[in-house]
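J.: 3D, please:
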Amino acid sequence: MLIHFPFMHVELLPVEPVAGALFFDPGLSGGEVGEGYFRPDGLPVSATQGQALIRDCMAFGRQFKDSSEMAFFGVNSPEEYFSESTSAIKGELMMRLKDEAPVEASPEVANAQFTLMLAWHLEESIIETRGLEKGVRASWDKFGRTLGMEEGGEDEQELALGKVMSGTAPAGSGKAFPWQRVMEALAAFLPGDAVLVTESGEAYDVWQESGIEFTPAPGELGLPQGSLVAEAPAWKLAGRKRLPEKLPWTDRPVKVAVLKG
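T.: You can find the predicted model right below:
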């Protein structure tokens with residue numbers, strides 16, 4: 001099974017989607033699984049619970065001077081997520097994750113799913129913001145044509161547009177969720193035959209620097225010519241130096257494919 005990584009929405013892919021590759025659905029949207037998506041069975045956190053926790057996190061984020069910091073508190077490992085919150089917020093959210101996880105699922109696994117829910121939510125915010133930006137830009141262009149602005153005034157138009165957009169785009173809307181945290185959270189839910197497919201970007205650079213060896217992708221994967229594959233423990237693919245004690249599932253080997261060409 002080919003699964004795109006780290007993005008979970010086709011709108012954010014910097015390259016053309018790979019034929020037959022799916023997108024991971026962490027269950028935040030609820031309802032039926034959409035075409036082209038993969039959602040594991042038996043996820044510990046329901047859509048309703050996840051949405052409530054997201055709302056709590058939005059309220060939590062308003063405590064920051066720069067609310068974009070909230071969106072990226074996932075840059076730390078799960079056990080460190082709430083280190084900057086008040087003790088009341090921290091205790092409430094972590095206790096809810098613990099209480100709402102089924103008996104057979106550990107709080108850490110529930111936290112891993114919630115990490116992916118946060119990434120999903122952030123991606124949808126980015127997509128929404130891009131739509132707003134496109135609409136504002138189209139309106140601005142129409143406004144310029146109405147006023148008969150000359151082509152030479154494009155710099156002034158761009159400057160004015162930038163001022164408009166600075167007041168409409170939510171903080172952090174142009175940044176993606178840290179791929180390292182997506183990697184280690186995904187490892188808790190990937191099927192055994194999964195291959196994570198990504199472009200040759202930052203993640204590939206980190207993997208090369210850490211000494212992970214890549215080989216040409218076998219033809220049966222159906223990847224573009226020149227693509228490379230490798231397999232390593234999820235914690236190493238996430239850029240860590242050792243296995244995190246509270247994330248034991250990251251010791252499982254994960255296959256990755258890098259699109260080259």
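
J.: what's the closest non-adjacent residue to Glu213?
T.: Across the structure, with CB to CB, 6 or more residues apart in numbering as the measure, the residue nearest Glu213 apart from its sequence neighbours is Ala230 (6.2 Å). All C-beta spots, glycine's among them, are computed from the backbone N, C-alpha and C.

J.: shouldn't that neighbour be within a strand?
T.: Yes - read with DSSP: H, G, I helix; E, B strand; the rest coil, Ala230 is one of the residues of a strand.

J.: where does it land on pLDDT?
T.: According to the predicted model, the pLDDT of Ala230 comes to 98.

J.: hmm, Thr215 and it touching each other?
T.: Yes - under the criterion of CB atoms under 8 Å, Ala230 makes contact with Thr215 at 7.2 Å.

J.: who has more neighbours, these two?
T.: Applying other CB atoms under 10 Å to Ala230 and Thr215 shows that Ala230 carries more neighbours, namely 18 against 9.

J.: how far away is the more buried one from Gly27?
T.: When CB to CB, to the nearest Å is applied, the distance between Ala230 and Gly27 equals 28 Å.

J.: and if you look at Val206?
T.: Distance of Val206 to Gly27, given as CB to CB: 28 Å.

J.: with only the CA atoms kept, save the helix or strand hosting Lys255 in CSV.
T.: When elements are defined using DSSP states H and E, Lys255 is found to belong to strand 253-259. C-alpha atoms of strand 253-259 as CSV (Å, rounded to 0.1, in the frame of the first residue of the first chain):
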residue,chain,number,x,y,z
PRO,A,253,10.7,-0.6,10.5
VAL,A,254,9.0,1.7,8.0
LYS,A,255,9.5,1.7,4.3
VAL,A,256,9.8,5.0,2.5
ALA,A,257,10.0,5.8,-1.2
VAL,A,258,11.5,9.1,-2.5
LEU,A,259,10.3,10.3,-5.9
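
J.: for that strand, which positions count as buried?
T.: Judged by neighbour count using 16 or more other CB atoms under 10 Å, the buried positions of strand 253-259 are 254-259.

J.: quick check, nearest of these to Asp41?
T.: For those, the closest approach to Asp41 (CB to CB) belongs to Val254, at 19.4 Å.

J.: what's the spacing between that closest one and Cys57?
T.: As for Val254, its distance to Cys57 is 27 Å (criterion: CB to CB).

J.: cool, Ala238 as well?
T.: 22 Å.

J.: higher neighbour count, these two?
T.: Between Ala238 and Cys57, counted using other CB under 10 Å, the more crowded position is Ala238 (25 against 21).

J.: so that one is in contact with Glu184, correct?
T.: Yes - applying CB under 8 Å as the test, Ala238 and Glu184 come out as touching, 4.2 Å apart.
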